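Asker: Requesting a structural model of the entry that follows:
(one chain, ligands or ions: 3)
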Amino acid sequence: MERTVNIGLMGLGTVGTGVVRLIEGHQEDLVHQTGVRIRIARILVRDPEKPRAIRVSRDLLTTDARDILDDPSIDVVVEVMGHIEPTRQYLLEALRRGKHVVTANKDLMALHGGEILSLAAERGCDVFYEASVAGGIPILRALVEGFSSDRITKLMGIVNGTTNYILTKMTREGADYAEALQEAQKLGYAEADPTSDVDGLDAARKMAILATLGFRTEVQLDEVDVTGIRKVTAEDIAYAKKLGYEIKLLGIAAQEDGLIEVSVEPTLVPQRHPLASVDGVMNAVYVYGEAVGETMFYGPGAGELPTATAVVSDLVTVVKNMKLGVNGRGMVAPYRPKALKTPEQMVAQYFLRLVVDDRTGVLAKITQLFADCDISLSQVLQEPFKGAGQAEIILVTHHATKKSKDEALARLAALDVVREIKSCYRVEGED
Ligand SMILES: NC(=O)C1=CN([C@@H]2O[C@H](COP(=O)(O)OP(=O)(O)OC[C@H]3O[C@@H](n4cnc5c(N)ncnc54)[C@H](OP(=O)(O)O)[C@@H]3O)[C@@H](O)[C@H]2O)C=CC1
Ligand SMILES: N[C@@H](CC=O)C(=O)O
Ligand code: NA
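Answerer: Numbers count the residues shown, from 1 in each chain. Ligands and ions are numbered 1, 2, ... in the order given. Take a look at the predicted model:
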C-alpha cells in the first residue's frame, strides 16, 4: 500500500476550497505521480460553524493552530489563510518543527520571505509559494528553473487580477469603478482588504518577489515605486484609446549592470502590444533574458481553482522531494549586489493630459517648455474642454528621464496658461 502524507490546511476560503477540491478530485493522478496519498488531516478556520462551499467533516475543522503545529503526523503545512500575523508565527513554528510549507501569501513572502526561507534552509525544509504571484501561471518555477542558465534584464506584467478586471470593465463596457470592484470581490479575486489591490500594493508585493527571484538579488517591498488605479478616469481611458493605447496596471522591473528599478503604476500600452489584450482576471508576465530574448507567460491570476493548481503543484513537489530525501536543498538565496537607479537613470515615455487656456500661443509655450526640459514629443492632441475658453492638451513624449519629466511637471504647474494637470502616466511597449 502507498504511503500517506498528512497535510495541515490553514484557511478554507476561496483558495482553500479549491485546494480541497483538487486534492479530492485529482487524488488518483496525484498518487500516480508521487506514489503517495495526500490526506488533509486538519483545517484551520476562524469560524467552524460558517456555511462552506464544500462539504468537509466538522471533525477536521479547528480554530486552534496548535492542532496542526503540535501534530507530529502532519508533514506539510499549506497556508491559504492570508495576513502577516499570526500567519508568520505559525509558519516559523511549523518550520522549527520540521514541517514543509506551501503558501499563497505574497504579503508575507514579500515582507518576511528572507526570514522564512533562511529558517527553512537551516531546518532542511521546503518552502514553495508559486500561488503568491500570478495565481495559476507557473512563473516562479519558470524564473528559478526555466531561466537558471540566463540573465534576466526585465520583467513586465499584469500581476493583479482585480485591477485588470476593473480596468477591462471600464474600458470595454464603460462600467463604473465601484461596481466593477464589487464584482471582482464577489468572484473571489480581491484581497480581504481590496485597497491593497486598487492601490497597487498587492502588485508591488508580487513584483518584489518576481524581481528577487528573476534578478537573484534581494528586492525589498519599500524599493518598489507604487501607484494604484484609483485616479484613472473614464476620460483617461478614452483619450488613451484615441491615441492607440490601453491603460493597464503594469509592474515593471528592470536591471542593468546591477542597477535596478521596480515600479507598479497605471501604464499605457499600445493596442497592438500583447499585454493590451490581457483582459479580465487574466495575468501576463513578460520576461526578457539576455540569451533567450523575449518570452511571455499568460493565464488566470486569481480565483479558486487556478490558484489552487499552483498550491497543489507545489505540494506535489514537496512530496516528491520527501520521497527523494532532498527537501530544502534546491533553494538559492539571492546573491547579486544591487543599487537602485536614480531619477536621472530611469528612462521612459510619458502620457500627459492638461487643461489649458484656449488662446493663441498656448501650444507653443507648452512645447517650448518640454524642449527646455530636454523632452521631445511623439504625439500632441488638442481637444475642446467643457469649461468655456479652455482646451485639453494630450501629449505623448519620446523617451525621457524621470528627472526631466518631474521637472516638466513642476514647470507646467507653475505656467500661467495651465489650469490643471489632469494625469501623467508612463507609456511602455512602443517599438
Ligand atoms: N483569492 C485569490 O484568487 C488568491 C488569493 N491568494 C492568497 O491566498 C490567501 C487566501 O486568500 P483567499 O482564499 O482569497 O482568502 P479568504 O478570505 O477567502 O479565506 C481565508 C481563510 O482563512 C481563514 N482565516 C483567516 N484568518 C484566520 C485566522 N487568524 N485564524 C484561522 N483561520 C483564519 C478564514 O476562516 P473562515 O472561513 O472561518 O473565515 C478563511 O477560511 C491570501 O494570502 C491571498 O493573498 C493568492 C492568489 C490568488
Ligand atoms: N487579489 C489578487 C489575488 C491574486 O493574487 C489579484 O486580484 O490578483
Ligand atoms: Na504563479
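Asker: Can you name the residue of this structure nearest ligand 1?
Answerer: Closest residue of the chain to ligand 1, CB to the nearest ligand atom: Gly13 (1.8 Å). Placement of C-beta: from N, CA and C, glycine included.
Asker: Next, find the distance separating that residue from Asn283.
Answerer: 20 Å (CB to CB, to the nearest Å).
Asker: got it, and Leu354?
Answerer: Relative to Asn283, and taking CB to CB, Leu354 is found at 33 Å.
Asker: Enumerate the residues of the chain near ligand 1.
Answerer: The chain comes close to ligand 1 at residues 11-16, 44-47, 50, 80-83, 86, 104-106, 131-132, 135, 188-189, 191-192, 302-303, 307, as judged by CB under 6 Å from any ligand atom.
Asker: Just the ones in helices from the residues you listed, please.
Answerer: If you go by DSSP state H, these have Thr14, Val15, Gly16, Lys106, Thr307 in helices.
Asker: out of those residues, which are buried?
Answerer: Buried members of those, scored by 16 or more other CB atoms under 10 Å, are Thr14, Val15, Gly16, Lys106, Thr307.
Asker: Around ligand 3, which positions in the stretch 301-431 of the chain sit nearby?
Answerer: Residues of the stretch 301-431 of the chain that fall close to ligand 3, judged by CB under 5 Å from the ion: Ala310.
Asker: And the helices in the stretch 301-431 of the chain?
Answerer: Remark: helices assigned in the stretch 301-431 of the chain by DSSP state H, counting those that start in this stretch are 304-324, 362-372, 402-414.
Asker: Return the most buried member of those.
Answerer: Greatest average neighbour count among the helices of the stretch 301-431 of the chain goes to helix 304-324 (a mean of 21), per mean count of other CB atoms under 10 Å.
Asker: Can you pull the phi/psi pair for the residue of the chain positioned farthest from its centre?
Answerer: No residue in the chain sits farther from the centre than Thr360, which is 45.9 Å out by CA atoms, centre = their mean. Note on Thr360: backbone dihedrals following degrees, to the nearest 10 are phi -60, psi 140.
Asker: hang on, Lys365 packs against Arg411?
Answerer: No. Applying CB atoms under 8 Å as the test, Lys365 and Arg411 come out as separate, 10.5 Å apart.
Asker: near ligand 2, which residues of the stretch 1-150 of the chain?
Answerer: Checking the stretch 1-150 of the chain against ligand 2 by CB under 6 Å from any ligand atom, the hits are Gly135.
Asker: Send me the helix or strand where Ala211 lies as PDB with only the CA atoms.
Answerer: Ala211 is part of helix 201-215, with elements assigned from DSSP states H and E. What follows is helix 201-215, C-alpha atoms only, in PDB (Å, rounded to 0.1, in the frame of the first residue of the first chain):
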ATOM      1  CA  LEU A 201       0.300  47.100  -3.100                       C
ATOM      2  CA  ASP A 202      -0.700  43.600  -4.000                       C
ATOM      3  CA  ALA A 203       1.000  44.000  -7.400                       C
ATOM      4  CA  ALA A 204       4.000  45.600  -5.600                       C
ATOM      5  CA  ARG A 205       4.400  42.600  -3.400                       C
ATOM      6  CA  LYS A 206       4.400  40.300  -6.400                       C
ATOM      7  CA  MET A 207       6.900  42.500  -8.200                       C
ATOM      8  CA  ALA A 208       9.200  42.400  -5.200                       C
ATOM      9  CA  ILE A 209       9.000  38.600  -5.300                       C
ATOM     10  CA  LEU A 210       9.500  38.400  -9.100                       C
ATOM     11  CA  ALA A 211      12.400  40.800  -9.100                       C
ATOM     12  CA  THR A 212      14.100  39.000  -6.200                       C
ATOM     13  CA  LEU A 213      13.900  35.600  -8.000                       C
ATOM     14  CA  GLY A 214      14.400  37.000 -11.500                       C
ATOM     15  CA  PHE A 215      17.400  39.200 -10.800                       C
END
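Asker: after that helix, next one along is what?
Answerer: strand 224-226.
Asker: Now do whichever helix or strand comes after that next one: which elements does it pack against?
Answerer: Moving toward the C-terminus from strand 224-226, the first helix or strand encountered (DSSP H and E) is helix 234-242. Other helices and strands packing on helix 234-242, by 3 or more CB pairs under 8 Å, 6 or more residues apart in numbering; DSSP states H and E, are helix 161-173, strand 245-256, strand 347-357, strand 377-384, strand 390-397, strand 418-427.
Asker: Parallel or antiparallel, list what pairs with the fourth one.
Answerer: I take that to be strand 377-384. strand 390-397 (antiparallel) (DSSP bridges).
Asker: ok, the residue in the stretch 301-431 of the chain positioned nearest to ligand 3 to Ala333 distance?
Answerer: Taking CB to the ion, ligand 3 has its nearest neighbour within the stretch 301-431 of the chain at Ala310, 4.7 Å off. Taking CB to CB as the measure, Ala310 and Ala333 are separated by 22 Å.
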